[in-house]
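>>> coordinates only, sequence not included:
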C-alpha cells in the first residue's frame, strides 16, 4: 500500500519585496504568479525577476532559466529516458525532477519525503566577456558517494572570475613577493606572510589581492574553503554535483545553482539522516 507523504514543504512562485535584493534571506510576501504586471502592488517583483536581477548584478548578463518543459526533441528524449528509469527503480532512492523543482526520497513504494529543490541556472555567459558556462543540473543516474555535516564549499576557479577588476592568476608555487621584502607563502593548509622566521596567517575570508592582481587560493588550503554556503549538510554524488542545504533560500525551488540540488535545511537534514552512502540518485 502506498503511504502518504508525511513531510511536505510548499513554495509557490512567490513575489518578493524589492528589499529581498539586499537581504535574500528575509521572508517573502507571497503573491500569485498569475497576477498581471500592471496589477501587482507597487514595489513587488516576481522571483524570476529577482533571480535575473541578482545574476546581472554579478555579471551574468544573459540568464537562461532552467526549463519547466522539454525545449526540443533531444531534450524530450533524455527527459523521458531518465524519468522512466526513476519510475522503474526499486529500493531506497532519491529522485529529482528538474522541471518540477522537486526532490523525493522514496523507499520501495513509500514516499518518505517530498521537498522543493533549487536546480542549476542553465547556460550563462560569465562576467566581463568570459565565455559561456553550463551550470545545468545533469540528468542521469548518480550515487551518494559521501556525506558530510557542516560542510565547507571548495569553489572551482570560475568562482573567482569577476570578483576583481584587475588580473586573475593562480597562486604561484613559490609564493608572492611583496614590496617590503616579505613573501606570501603556503605552509600546510594555510597561506600567510613570511617575515623571517615569523609566519602570519592570512584569514580565510580575505581576498588575495597584491599589486593589483587577485590570486586564486590553492586547493587544500583553508583560504579555498567557504563556510555556510552549503548549509548544514551535503551529499556528494560526484563531479561537483551535490545535494545540499543553503544559507540563501531564495534559490530553493528555482533556477539559481551552479548545477547542484539545493534544499531547505530541514529537508536536507531528513535526506542526510535517511539516505545512506550508496543510495542511487535519479535526476530527470
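Arrived safely. These numbers come from a predicted model, not from an experiment. Numbering: from 1, shown residues only.
>>> walk me through the domains of this protein.
The record's domain split for the chain, according to automatic domain parsing, is 1-150+228-284, 157-224.
>>> what about the residue lying closest to residue 82 once chain neighbours are set aside, how many residues nearby?
Excluding the flanking residues, the one nearest residue 82 by C-beta to C-beta, 6 or more residues apart in numbering is residue 284, at 3.6 Å. For every residue, glycine as well, the C-beta is placed using N, CA and C. Close neighbours of residue 284, defined as other C-beta atoms under 10 Å, add up to 21.
>>> I'd assumed residue 79 was in contact with residue 284.
Yes. In terms of C-beta atoms under 8 Å, residue 284 counts as a neighbour of residue 79; the distance is 5.7 Å.
>>> per-residue confidence at residue 133?
With respect to pLDDT, residue 133 has a value of 82.
>>> how about residues contacting the host helix or strand of it?
Using DSSP states H and E, residue 133 falls within strand 132-135. Here strand 132-135 makes contact (C-beta atoms under 8 Å, 6 or more residues apart in numbering) with 120-126, 158, 257-259.
>>> how about these in JSON lines, adding pLDDT and distance to residue 169?
Formatted as JSON lines, those follow (pLDDT from 0 to 100; distance: C-beta to C-beta, whole Å):
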{"residue": "120", "pLDDT": "90", "distance to residue 169": "28"}
{"residue": "121", "pLDDT": "83", "distance to residue 169": "27"}
{"residue": "122", "pLDDT": "82", "distance to residue 169": "29"}
{"residue": "123", "pLDDT": "81", "distance to residue 169": "27"}
{"residue": "124", "pLDDT": "78", "distance to residue 169": "23"}
{"residue": "125", "pLDDT": "73", "distance to residue 169": "22"}
{"residue": "126", "pLDDT": "66", "distance to residue 169": "17"}
{"residue": "158", "pLDDT": "85", "distance to residue 169": "15"}
{"residue": "257", "pLDDT": "88", "distance to residue 169": "27"}
{"residue": "258", "pLDDT": "89", "distance to residue 169": "22"}
{"residue": "259", "pLDDT": "93", "distance to residue 169": "26"}
